[in-house]
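Undergrad: Fold the following.
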Amino acid sequence: MRTFILSSLLLIAAIAVAFAPAKELKVTSSAFVNDGMIPSKYSCQGAEVSPPLHIEGIPSSAKSLALIAHDPDAPMKGGFTHWVMWNIETDGTIPEDFKGAQQGYNGARSAGYKGMCPPSGTHHYHFMVYALDTKLNLPNTTGKDALEQAMKGHIIATGRITGLYKK
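TA: Numbers count the residues shown, from 1 in each chain. Here you go, the predicted structure:
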């Protein structure tokens, strides 16, 4: 009976760990505040460089970070992805015009950052950061959906900052 109880407790603990929510990362930028306007420098109307990001609360067990920048307001099914990146160092710094890590395909089917360029109105740009328990071995043609699929089971913390942009 004692073995059964111990086995049951271990099973419950394993299930609890497997379904525990990922920890929260704090994502900030020196270029814009959460839910604030993104300067045109980072858009198709400016230098079209990626904004600087800072990530806090990265678990010590993280082996890499991944990032997806996405505009769900874009007038196409599923929105428009502006940046897909993985195997980012875990030091918490993604500098402006970052070219490091592995950069996958954006919505324009080119690797790297694609600046905001909404056809009309104000759009929301979600910069989602994921702390992973591994590094990923993916081709540079990897897009948002394939990266999300590859990250399944490896996400140990998440966070995001949302910026707004209007031409």
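Undergrad: Okay, strands next: where are they in the protein?
TA: Applying DSSP state E to the chain gives strands spanning 23-24, 26-28, 36-37, 53-56, 64-71, 80-88, 93-94, 102-103, 123-132, 155-165.
Undergrad: If you tally nearby residues, what's the number for Glu89?
TA: By other Cβ atoms under 10 Å, 11 other residues sit near Glu89. (C-beta placed from N, C-alpha, C; glycine too.)
Undergrad: coming back round to it: so which of the strands of the chain is nearest Glu148?
TA: strand 64-71 (7.4 Å; Cβ to Cβ).
Undergrad: Counting by contacts, list what the closest one packs against.
TA: Using 3 or more Cβ pairs under 8 Å, 6 or more residues apart in numbering; DSSP states H and E, the elements in contact with strand 64-71 are strand 80-88, strand 123-132, helix 144-151.
Undergrad: tell me the most buried of these?
TA: Among these, judged by mean count of other Cβ atoms under 10 Å, the one packed with the most neighbours on average is strand 80-88 (a mean of 24).
Undergrad: list the contacts for the residue nearest to Cys44 when sequence neighbours are not counted?
TA: Nearest non-adjacent residue to Cys44, counting by Cβ to Cβ, 6 or more residues apart in numbering: Cys117, 3.5 Å away. Residues near Cys117 by Cβ atoms under 8 Å, 6 or more residues apart in numbering: Ser43, Cys44, Gln45, Lys167.
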